[in-house]
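Trainee: What would the 3D arrangement of this be:
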Amino acid sequence: MQQPQQTPQTPRVAYRYANFYNECADYPELPKFRRLGAQWAKKLYDDVEELLKEQEELNDALATFRRAEGRDVLTLLECPRICE
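Mentor: A predicted model of the protein is given here:
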């Protein structure tokens, strides 16, 4: 009678993914973020593009307003923060 051949088992590192699963238990959104990483990157890129476009439009509006008053042109980043 022939005995079935056993496949050699490679040593598996038991702690290799333990840290990842511990983080997933603490932060349940982490696996979703990692699984959809490419989509998140595209969304972030698109949002940054939209933000830069809005900033450019605001800078144009500030320049028009400042020129009408005869002042130097400012950009959004040069405006002082108003604290109340």
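
Trainee: Which strands or helices does the lowest-mean-pLDDT helix or strand in the chain pack on?
Mentor: Ranked by mean pLDDT, DSSP states H and E, the weakest helix or strand in the chain is helix 29-35, scoring a mean of 77. If you count contacts as 3 or more Cβ pairs under 8 Å, 6 or more residues apart in numbering; DSSP states H and E, helix 29-35 packs onto helix 18-26. From N, CA and C alone the C-beta is placed, and that goes for glycine too.

Trainee: just checking, what packs against the helix it packs on?
Mentor: By 3+ Cβ pairs under 8 Å, 6+ apart, helix 18-26 packs against helix 29-35.

Trainee: Okay, Tyr45 and Leu30: tell me how far apart.
Mentor: Tyr45 sits 21 Å away from Leu30, going by Cβ to Cβ, to the nearest Å.

Trainee: More neighbours: these two, which one.
Mentor: Leu30 (14 against 10; other Cβ atoms under 10 Å).

Trainee: you'd agree the more buried one is up against Glu23?
Mentor: Yes. With contact defined as Cβ atoms under 8 Å, Leu30 reaches Glu23; the gap is 5.8 Å.

Trainee: Give me the mean pLDDT for the lengthiest helix in the chain.
Mentor: Assignment by DSSP state H gives helix 37-68 as the longest helix of the chain. Averaged over helix 37-68, pLDDT sits at 88.
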